[in-house]
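Engineer: Need coordinates for the following:
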Amino acid sequence: MSTSFGNYLLATVSTVTIHPVCRTKDAMDILMKRELGLQEQDPRVLWEEDLRPTSAVTIIDILIPPSRLAKSEIKKIVYIKRVSSGSRIYGAHVFDKEWRLKNPFPSQRRRQLPGRSRVQIQTESQTDTDVDDDSMLETEGSLGEQAFVQAGTKRTKSGGVSDEKSWERLFRAIYYHMRELLKKQIQERNAGGSQLSQSQQSGSQQSESQWPRSDTLPFAETPTDRRYWSSEFATNPIPDATDSRKPDLVLLDYSLRKLASAEKSWKDVLTGVEITQSDISVDRTIPLFLGIVTKGYLMMREQPWRRFILLFSISKFKIRAHYFDRSGIIISKPLPIVASPKRFVDILNTITLANRSFLGFDPTIHICNSCSTNPNHAHFPNGFDAMLPGAIGWVYDNDENLYWIMEILWKSRGFFKRGTVCYRVRDKLGREYALKDCWVNEEVKDVEIDLLKAVEGIPNVVQLVKHWDVLYDGRPDSTSHIRAHCPTFNFERRIHRRILLTPCGVPLTHFSDLPELVGVFRDLVVAHKAMVGRRVLHGDLSPNNIIIYQGKGFFIDFDHAKFLRDDGKADASSRGTGTIPYISFRILRLMGDGHLVQHTPCDDLESLFYILLEFTVMYLGPKGILAPQPSDEAMRRDPVRRWGLAYEKMTEDGLATSSMWKREFIRGLTDWPLITTYFSPCQPLLKEWREKISSSSTQSTTLSHDEICNILTRGLNHIVESAANTLSTPPSALDPTLAPLPSPTSTSQSTAAVAVPPTVPPSVPVSAAIVPPSLPDLPLAVRRPRRSKQVSRNR
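Structural biologist: Numbers count the residues shown, from 1 in each chain. A predicted model of the protein is given here:
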């Protein structure tokens, strides 16, 4: 694997820190280019034309089932639009020798469909075609980034209808005709008593020989959700942090039709089509490609529960599929849509009429869209006629147990790799858990599970309840299935895994007061020593990997954890792990120099220091209230803020540079950070902690858990005393209530209950003495768990 800085940074495109970052268009372009620029070292983009030997099968063949459509049926399709009187205007045929995009209504013929009342016509037109408001701001060409002008809008033509609007009309005409054809097909099948197999009823893809010969279209039923094509964002960006991405055409759920554009988001986009005059086959570096990739990223970022994202581009009347998943991108060979009208219509039919699984949606999970609000919800899980109050979706495990999704706790901002998303879920008995959904490397898929089992029973460490590989079509879902047609292409195979954990806490930013925050870090130091005693090293400490549950700190997320050797070090690897702002300066130096990296417990303790230090600079107080940006001069002098700004602009030498900056700070050679007033009582303990890190690095000694715990205890006493001195009469609410946390809820798959010791409450009077917890010498008392051969080989 490459050791370039881009690889480290872009694994977390928008989550370098836990703090909100507003991305500009230029910044996102740079990140996307870097992500795609590692092709030689870490191939992620497959162009099917490059396959050797050439494959006869394309991604379009795999994703789009063939129909029995005749060209004569396609030639029957005409343009239709509705008028206010309830009539419809029928225009020209959409296809003869070529696709007709201009002047679709050369001689308007207004007539009412026979045998139907005006009310019926109005109802159908609203649900079927709803083609109104033909005028729209005309634009030039495509999504192509060359179409942006200084004001941030696309150039417009001097007159006529925009290309995007012309294609929207065409797609709507095809959709309406084909949906009527599918309705007729289903009616004839039901009248004839034809029975579908279970696989046909489920909507899974099948070959032409597997569906009834009388059927023209390979779909078992009309979709329960109606969809519509829209070019509304061709001139106005879809709202997001950059507000600069303008997809030419998007496919949306019909329930969103009446919402204003500002109320829709990338979360709602089912798929999209980009129209351009540029030939992507000639120059793959043109902005068009970057634009499509960025739109795929934004969809994947906002819909991480999807198995894949599917977009399309049309250039010179050739269509390509752009397929995105956690292993990378596949770009199909171009399909000429004039010479192959049937396959072109097959593509449109699949994305508008087929089961949503053809668009990459996972049938085992459902997240409500922007229009799905309780109790007015159109879809419910099997056996339910209402949503659980407060739920935003649901998910099934492999045993058909349902868990209501109450909240999205965290989602990865990375493009490829694991694509982790964490949910707060509730089972039918009302018990809450954290559900981790991720795509893990098939070669090491059980390592995290082995590590979670190794830390079973340690207080202040998240506990494993259950795990399973997500099934699709009866087998574990993997990114390797879709790439069976390209065996010579080297890519990282990833399998879909879900992990049920307890407890389900709140992010570290939700701390209630300063004593609680410092107490959380003391909890973590105690838990960290216990983990080291089990020969487990976390290796990726950041604010994202710490939660608070009932006032106690808990470690979560063992993606990059490692087993320690007998000498207290992890096995050497060619690349370090961690989140850049919190990695120890020693590890950063090794990463920057391209040396083998061996993590130690001292590196984790240094990471905890950087996390607490950053909080004292970035926040005004509890509950995530961010401090205002200081002046430019103060930004340059503040080491913590300088680190945060510099990480995103670094070159390959940036890791070594950041290591040097951190080393200078640890050794007292730079200014002290601009700590906000609320956190000023933390300064003594932070300076003492820094001195311990400095002396440990200069004297090559081990950083002691006991010493750091004592520092935090003394600091906590100081903070409590300072708070008490500001109160003339402490309120009775400050009386200590020392009570142990409840044990994790037991289930048939649950692990042993966690015995959590009493904790200092969020605010404690001076009279309540704070005694450092006893840290047992666990290495002498606990055996190191045996690792499987597979884990040893991959580590």
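Engineer: Can you give me the neighbour number for the closest residue to L564 other than its chain neighbours?
Structural biologist: Distance criterion C-beta to C-beta, 6 or more residues apart in numbering; nearest residue to L564, sequence neighbours excluded, is R535 at 4.5 Å. Every residue, glycine included, has its C-beta placed from N, CA and C. By other C-beta atoms under 10 Å, the residues close to R535 number 21.
Engineer: and if you look at C504?
Structural biologist: 25.
Engineer: hmm, back to that, quick one: the residue nearest to L564 and V455 touch, right?
Structural biologist: No: in this structure, R535 is not within contact of V455 by C-beta atoms under 8 Å, at 10.2 Å.
Engineer: anything in contact with each of these two?
Structural biologist: With C-beta atoms under 8 Å, 6 or more residues apart in numbering applied, the contact sets of R535 and V455 do not overlap.
Engineer: so what's S573 up against?
Structural biologist: 596-598.
Engineer: Dump the residues you listed to JSON lines, plus secondary structure and pLDDT.
Structural biologist: Shown next, in JSON lines, are the contacts of S573 (DSSP: H, G, I helix; E, B strand; the rest coil; pLDDT from 0 to 100):
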{"residue": "L596", "secondary structure": "coil", "pLDDT": "90"}
{"residue": "V597", "secondary structure": "strand", "pLDDT": "91"}
{"residue": "Q598", "secondary structure": "coil", "pLDDT": "91"}
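Engineer: Only whichever of these are buried, select them in ChimeraX.
Structural biologist: To isolate the buried members of the contacts of S573 in ChimeraX, using 16 or more other C-beta atoms under 10 Å:
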select :597,598
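Engineer: May I have the beta-bridge partners of the closest residue to V425 other than its chain neighbours?
Structural biologist: In space, and not counting its chain neighbours, V425 is closest to Y403: 4.0 Å by C-beta to C-beta, 6+ apart. When bridges are called by DSSP bridges, Y403 pairs up with V395.
Engineer: Please verify my assumption that Y403 contacts G393.
Structural biologist: No: Y403 is beyond contact range of G393, at 9.7 Å (criterion: C-beta under 8 Å).
Engineer: who has more neighbours, the two?
Structural biologist: Each of Y403 and G393 has its neighbours counted (other C-beta under 10 Å); Y403 has more, 24 against 21.
Engineer: Contacts only, for that one.
Structural biologist: 394-397, 425-427, 433, 435, 500.
Engineer: Show me what Y323 is bridged to.
Structural biologist: Bridge pairing for Y323 - DSSP bridges - gives L310, I330.
Engineer: Pull the contacting residues for it.
Structural biologist: 59, 63, 308-310, 329-332, 482.
Engineer: any chance of these in JSON lines, with pLDDT, distance to E633 and neighbour count too?
Structural biologist: Listed next are those as JSON lines, based on pLDDT from 0 to 100; distance: C-beta to C-beta, whole Å; neighbours: other C-beta atoms under 10 Å:
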{"residue": "I59", "pLDDT": "93", "distance to E633": "53", "neighbour count": "23"}
{"residue": "L63", "pLDDT": "95", "distance to E633": "55", "neighbour count": "22"}
{"residue": "F308", "pLDDT": "96", "distance to E633": "48", "neighbour count": "19"}
{"residue": "I309", "pLDDT": "96", "distance to E633": "44", "neighbour count": "24"}
{"residue": "L310", "pLDDT": "97", "distance to E633": "49", "neighbour count": "24"}
{"residue": "I329", "pLDDT": "91", "distance to E633": "43", "neighbour count": "22"}
{"residue": "I330", "pLDDT": "92", "distance to E633": "49", "neighbour count": "25"}
{"residue": "I331", "pLDDT": "92", "distance to E633": "47", "neighbour count": "22"}
{"residue": "S332", "pLDDT": "94", "distance to E633": "53", "neighbour count": "23"}
{"residue": "I482", "pLDDT": "90", "distance to E633": "53", "neighbour count": "17"}
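Engineer: give me the number of residues near T271?
Structural biologist: T271 has 24 nearby residues by other C-beta under 10 Å.
Engineer: so it makes contact with L249?
Structural biologist: No: counting by C-beta under 8 Å, T271 sits too far from L249 to count as a contact (9.1 Å).
Engineer: Spatially nearest residue to S166 (excluding sequence neighbours)?
Structural biologist: Spatially, and ignoring its direct neighbours in sequence, S166 is nearest to L101 (4.3 Å; C-beta to C-beta, 6+ apart).
Engineer: Quick check: that neighbour is in a strand.
Structural biologist: No: assigned with DSSP: H, G, I helix; E, B strand; the rest coil, L101 falls outside any strand and is coil.
Engineer: Quick one: residues contacting it.
Structural biologist: L101 touches 163, 166-167, 169-170, counting by C-beta under 8 Å, 6+ apart.
Engineer: From the residues you listed, which one has the minimum pLDDT?
Structural biologist: Of all the contacts of L101, D163 carries the smallest pLDDT score, 89.
Engineer: Skipping its backbone neighbours, what lies nearest that one in space?
Structural biologist: I275 (5.2 Å).
Engineer: Distance of that neighbour relative to L298?
Structural biologist: Going from I275 to L298 by C-beta to C-beta, to the nearest Å gives 19 Å.
Engineer: do the same with Q463
Structural biologist: From Q463 over to L298 (counting by C-beta to C-beta), the distance is 35 Å.
Engineer: Then T579?
Structural biologist: In terms of C-beta to C-beta, T579 sits 22 Å off from L298.
Engineer: Show me what the helix or strand hosting the residue nearest to D163 is packed up against.
Structural biologist: Assigned by DSSP states H and E, I275 belongs to strand 271-276. The helices and strands touching strand 271-276, judged by 3 or more C-beta pairs under 8 Å, 6 or more residues apart in numbering; DSSP states H and E, are helix 163-191, strand 249-253, helix 287-302, strand 309-315.
Engineer: mean pLDDT lowest for which of those?
Structural biologist: Among the helices and strands packed on strand 271-276, helix 287-302 scores lowest, with a mean of 85.
Engineer: May I have the distance across stretch 569-580, first residue to last?
Structural biologist: Using C-alpha to C-alpha, to the nearest Å, one end of stretch 569-580 lies 20 Å from the other.
Engineer: just stretch 46-54 next, same as before
Structural biologist: Stretch 46-54 end-to-end distance (C-alpha to C-alpha) = 13 Å.
Engineer: Now that stretch: buried residues?
Structural biologist: Taking 16+ other C-beta under 10 Å as the criterion, stretch 46-54 shows 46-48, 51 as buried.
Engineer: would you say S512 is within a strand?
Structural biologist: No: under three-state DSSP, S512 sits outside any strand and is assigned coil.
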